[in-house]
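Colleague: sequence below, structure please.
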Amino acid sequence: MQIRISWPAGNITATFDVDTATAQALAKALPLTSSACTWGEEVYFDTGVSVSRETDARQVVEPGTVAFWTDGDALALPYGPTPISRGDECRLASPCNILGSLDGDARVLATVRDGDPIRVELIDE
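Modeller: Below you'll find the predicted structure:
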């Protein structure tokens with residue numbers, strides 16, 4: 001499954017690796033529009049989707065990981081260190097469900113500003 005994430009200064013696509021309950025719930029909610037929040041080198045935004053934390057949820061991830069933050073019903077898109085990172089790692093606020101990864105250079109997310117409108121849509125295959 002592939003999605004497109006768009007904001008005023010750009011867009012990026014992401015590929016979901018896994019067919020999980022989280023991915024299915026998110027797909028049913030698309031397209032969605034939200035308001036971006038930034039936290040260090042992470043963009044996150046509310047999805048209106050509520051799911052449980054999966055058994056393989058992780059807090060430390062690679063840059064460009066597409067994660068679902070169950071505590072905030074939000075997609076979390078880290079591209080570098082956050083305020084709680086140790087060194088250069090991407091440390092999320094709490095363990096998140098892993099959905100897949102961004103296609104291309106995740107650093108394009110640096111152009112997202114707090115409060116920017118975000119749109120997420122399914123790309124037809």
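Colleague: which residues in this protein form helices?
Modeller: Using DSSP state H, the helices of the chain run over 21-29.
Colleague: show me which helix or strand of it is least confident by mean pLDDT.
Modeller: Least confident helix or strand of the chain, by mean pLDDT, DSSP states H and E, is helix 21-29 with a mean of 93.
Colleague: buried ones in that one?
Modeller: Thr22, Ala23, Leu26 (16 or more other CB atoms under 10 Å). (Each C-beta comes from the backbone N, C-alpha and C, glycine too.)
Colleague: point out where this protein drops to low pLDDT.
Modeller: Scanning the chain for pLDDT under 70 picks out 18, 125.
Colleague: strands of that one, residue ranges please.
Modeller: For the chain, strands defined by DSSP state E occupy the ranges 2-7, 10-16, 32-35, 37-38, 42-46, 58-61, 65-69, 74-78, 90-102, 117-122.
Colleague: just put those strands in JSON lines and tack on distance to Thr111 and mean neighbour count.
Modeller: Listed next are the strands of the chain as JSON lines, based on distance: least, CB to CB, whole Å; neighbours: other CB atoms under 10 Å:
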{"stretch": "strand 2-7", "distance to Thr111": "7", "mean neighbour count": "19"}
{"stretch": "strand 10-16", "distance to Thr111": "5", "mean neighbour count": "16"}
{"stretch": "strand 32-35", "distance to Thr111": "16", "mean neighbour count": "14"}
{"stretch": "strand 37-38", "distance to Thr111": "11", "mean neighbour count": "18"}
{"stretch": "strand 42-46", "distance to Thr111": "10", "mean neighbour count": "23"}
{"stretch": "strand 58-61", "distance to Thr111": "21", "mean neighbour count": "16"}
{"stretch": "strand 65-69", "distance to Thr111": "18", "mean neighbour count": "24"}
{"stretch": "strand 74-78", "distance to Thr111": "12", "mean neighbour count": "25"}
{"stretch": "strand 90-102", "distance to Thr111": "14", "mean neighbour count": "21"}
{"stretch": "strand 117-122", "distance to Thr111": "12", "mean neighbour count": "16"}
